[in-house]
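Visitor: fold the following and give me the result.
(one chain, ligands or ions: 1)
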Amino acid sequence: MNKLTADELRETYLSFFESKGHARIPGASVIPENDPTVLFTTAGMHPLVPYLMGQMPHPAGTRLTDVQKCIRTGDIDAVGDSAHLTFFEMLGNWSLNDYFKPEAIAWSYEFLTTKLGFDPKDLYVTVFAGEDGIPRDDEAIALWKQQGLPDDHIFPLPREDNWWGPAGTTGPCGPDTEMFIDTGKPKCGPDCRPGCHCGKYIEIWNNVFMQYNKNAEGKFEPLGRHNVDTGMGVERTVCMLSGAATVFDTEIFAPIMAKIDELSHLGSDKSVASPNGAEDRGSGTPAASPKDAELTLRARRIVADHMRTATFILCDPKGGVKPGNIGANYVLRRLIRRAVRYSRFLGIAPGFTVKLAEVICEKYKHVYPELGVNLASCKNDLEAEENRFNQTLDKGAAMFAKVAEQLKLHNQTQISGKTAFKLYDTFGYPLEMTLELAKEQGLEVDVAGFEEANKKHQELSRTTSAGSFKAGLQDNSVVVTRMHTATHLLHAALHKVLGPTANQKGSNITPERLRFDFTWPEKMTDEQIKQVEDLVNQWIQQGIAVSKKVTTVEEAKNEGAMALFGSKYGDQVTLYTIGDVSKEICCGPHVENTSELGSFKITKEQSSSAGVRRIKAVIGNMTT
Ligand code: SER
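Guide: Coordinates of the predicted model:
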């Protein structure tokens, strides 16, 4: 393997594809130019959609190569493991109705084995297994074999794994072939294979064969063009080339991690720190247990990742995204505030955000000049946001510590909805932060109770001091309320489309998405997913009133209400009815009319555990 740095990898890649007739083009802004469906650029194909669709010729020709800054915050909770990042760079080579599978696969193999020096025996690929009338990609299989890959290194997998796009609701998409490097770790079980998430096989590159367009009816129609869209993750590839254990152990993160350790006095011994929050700031006492050491490791990575993403957003040449309460601004605020909170966890003193931004800009400004040009304004924004949040945190941390102490004293494990609401309303503590802190302390939070308290508060006082943090949090909880109603509609639609055995097993709502687990033995077909989506959207468009009454469980069940099997209910329950569509026992809160949801879209359908499927969905135009 050639131990390339990120700088060397970018140059090696771009010049390799130049040698294959590609024009080197600049990557686009991380803040989308003309695309209201996404908050940030999530893939290299976003800025190229009109050319992939054939709406206009690209001025640089039909073969392009670039490096694109991407932001994906959908998996923000996974950051801290070995490979998840909210910001990453993606190298790409593009055929705009020019070459197709034979060239793309041959060049991928050539690049991986000769330019990067990966041993072919460590290389595994997956290809599209065929689904819904679209056949298995036998051509890709044959082409990989031609390169010399043995059968047992080629895995045909379903749409869930080997289909990419469209990026929004409609647009170009197609089967893909993904390339993985075997880390040499043992298999996690007999079914372990490329695409398994245990960390044995790391995906570094994806070739998408964009032959299809998903139309407004949800059908895949031939695009009439054969595009190639490939994406190679810079951080992951550098990690695999260097033999580093995680992306955070590569040269890319080295100066950022070193600065974090310097500021937290961790020095070379990364196991020293006490995750005690505010009171312990700056002390750096030895970790009490392996669990603490694990938390410390995670906190270092979260601070590094979030600060890198925030710095790239604040320095972006397009500009316009500032810490705030809605949309992209809120994502940025959340990243900074999460980094601040984890910095305290590491005993880092205030004022660290600007110090990390300096290191990050120094590392990248020769590649992305905007990180040199916009550093000063980025530092101003970071400093202001960090100060604001520190004031909030100081008050909230003291209150949270008291709450936790009282609960433990009384052998209780649940923070009441009222207390969570007080933390939020009086101390500005977002619910997600209370949830995180509670989890660390082995406590739970009565989320439904929080929502109820919040709803009551809103009914009492509809004043929103525009622009204030508090108002933003209320916006946020309005989103959660809408998601809550969308969840009931989704449950009802699943019953209609799949039948009464598709029962709720779990539900989780964040301001970004809803997640719904339900009993169902197999993958839903595209047709079923579309029917469910259409039904929910139909109910939204019908503007059905949502009514609420307090009754007994027996009475509610007699009326045909859905209730969670195995749940314990008190004497009195709240029954929410949405016209003749849905009746569920639930704590609420809910919107008053389904029209408040705007629209509904399923973004993912996947397995959750044996016999249980998981759907993720968004409402309005909330795609991140
Ligand atoms: N669009 C594909 C991806 O994001 C390949 O670039 O993975």
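Visitor: count of neighbours near Met53?
Guide: Neighbour count for Met53, taken as other Cβ atoms under 10 Å: 17. Placement of C-beta: from N, CA and C, glycine included.
Visitor: oh, that last question was meant for Pro194, not what I typed.
Guide: Per other Cβ under 10 Å, the neighbour tally for Pro194 reads 22.
Visitor: alongside the ligand, which residues does the chain contribute?
Guide: Applying Cβ under 6 Å from any ligand atom, we find that the chain lies next to the ligand at 43-45, 92, 164, 206, 208, 229-231.
Visitor: give me that answer again for 5 Å
Guide: Neighbours of the ligand within the chain, by Cβ under 5 Å from any ligand atom: 43, 45, 164, 206, 208, 229, 231.
Visitor: can you give the distance from the lowest-mean-pLDDT helix or strand in the chain to the centre of its chain?
Guide: For the chain, counting by mean pLDDT, DSSP states H and E, helix 469-498 ranks last in confidence among helices and strands (a mean of 75). Between the centre of helix 469-498 and the centre of its chain there are 18 Å (Cα atoms, centre = their mean, to the nearest Å).
Visitor: ok, then the element right after it?
Guide: strand 504-509 (DSSP states H and E).
Visitor: on that earlier part again, and the residues of the chain next to the ligand, which two are the farthest apart?
Guide: Met45 and Asn206 (10.8 Å; Cβ to Cβ).
Visitor: out of the residues of the chain next to the ligand, flag the one nearest to Gly449.
Guide: Within the residues of the chain next to the ligand, proximity to Gly449 (Cβ to Cβ) peaks at Ala43, which comes in at 39.3 Å.
Visitor: low-scoring pLDDT stretches of the stretch 1-150 of the chain, where are they?
Guide: 34-37 (pLDDT under 70).
Visitor: which residue does it bring closest to the ligand?
Guide: Ala43 (3.6 Å; Cβ to the nearest ligand atom).
Visitor: okay, now that residue: neighbour count?
Guide: Count around Ala43 with other Cβ under 10 Å applied: 20.
Visitor: that one contacts Met90, correct?
Guide: Yes: between Ala43 and Met90 there is a contact under Cβ atoms under 8 Å: 6.7 Å.
Visitor: per-residue confidence for whatever residue of the stretch 151-300 of the chain ends up closest to the ligand?
Guide: The stretch 151-300 of the chain approaches the ligand most closely through Gly231 (2.4 Å), counting by Cβ to the nearest ligand atom. Looking at Gly231, its pLDDT stands at 97.
Visitor: in three-state terms, label it for me.
Guide: strand (DSSP: H, G, I helix; E, B strand; the rest coil).
Visitor: contacts only, for the closest residue to it other than its chain neighbours.
Guide: Using Cβ to Cβ, 6 or more residues apart in numbering and skipping residues adjacent in sequence, the residue nearest Gly231 is Met90, 4.5 Å away. Contact analysis of Met90 by Cβ atoms under 8 Å, 6 or more residues apart in numbering lists 43-44, 67-68, 70, 231-234.
Visitor: and the two most separated of those residues?
Guide: The most widely separated members of the contacts of Met90, counting by Cβ to Cβ, are Ala43 and Val234 (13.6 Å).
Visitor: can you report phi and psi for the most centrally placed residue in the chain?
Guide: In the chain, the C-alpha nearest the mean C-alpha coordinate belongs to Gly74, at 1.5 Å (Cα atoms, centre = their mean). Torsion angles at Gly74 (phi, psi; degrees, to the nearest 10) stand at phi -60, psi -30.
Visitor: hang on, Ile260 in a strand?
Guide: No: the assignment for Ile260 (three-state DSSP) gives helix, which keeps it out of a strand.
Visitor: burial of it, as a residue count?
Guide: Under the neighbour criterion other Cβ under 10 Å, Ile260 is assigned a count of 27.
Visitor: ok, it touching Ala299?
Guide: No: with contact defined as Cβ under 8 Å, Ile260 does not count as touching Ala299 (9.0 Å).
Visitor: report the set of residues contacting both of the two.
Guide: Jointly contacting Ile260 and Ala299 under the rule Cβ under 8 Å, 6+ apart are Leu346.
Visitor: low-confidence regions, this structure specifically.
Guide: Counting by pLDDT under 70, the chain shows low-confidence ranges at 34-37, 168, 267-291, 428, 458-477, 564-571, 621-624.
Visitor: mind listing what's buried in the lengthiest helix in it?
Guide: Among the segments of the chain that qualify as a helix by DSSP state H, the longest is helix 375-409. Buried residues in helix 375-409, counted by 16 or more other Cβ atoms under 10 Å: 375, 378-379, 381-382, 385-386, 388-390, 392-393, 396-397, 399-401, 403-404, 407.
Visitor: you'd agree Val340 is in a helix?
Guide: Yes: counting by three-state DSSP, one finds Val340 located in a helix.
Visitor: got the contact list for it?
Guide: So Val340 contacts 353, 386, 389-390, 393 (Cβ under 8 Å, 6+ apart).
Visitor: which stretches of the stretch 51-200 of the chain form strands?
Guide: 63-71, 87-95, 123-128, 154-157, 163-164, 171-182 (DSSP state E, counting those that start in this stretch).
Visitor: just checking the distance from the second one to the centre of its chain.
Guide: Yep, that's strand 87-95 we're talking about. Centroid separation between strand 87-95 and its chain, computed with Cα atoms, centre = their mean, is 18 Å.
Visitor: strand partners of that strand, parallel vs antiparallel please.
Guide: According to DSSP bridges, strand 87-95 has the following sheet partners: strand 63-71 (antiparallel), strand 220-233 (antiparallel).
Visitor: just these: most buried one?
Guide: Ranked by average neighbour count under the criterion mean count of other Cβ atoms under 10 Å, the strands paired with strand 87-95 are headed by strand 63-71 at a mean of 23.
Visitor: and what about Thr574, helix, strand or coil?
Guide: Thr574 ends up strand, using three-state DSSP.
Visitor: what about it, distance to Ala486?
Guide: Noted for Thr574: a distance of 18 Å to Ala486, by Cβ to Cβ, to the nearest Å.
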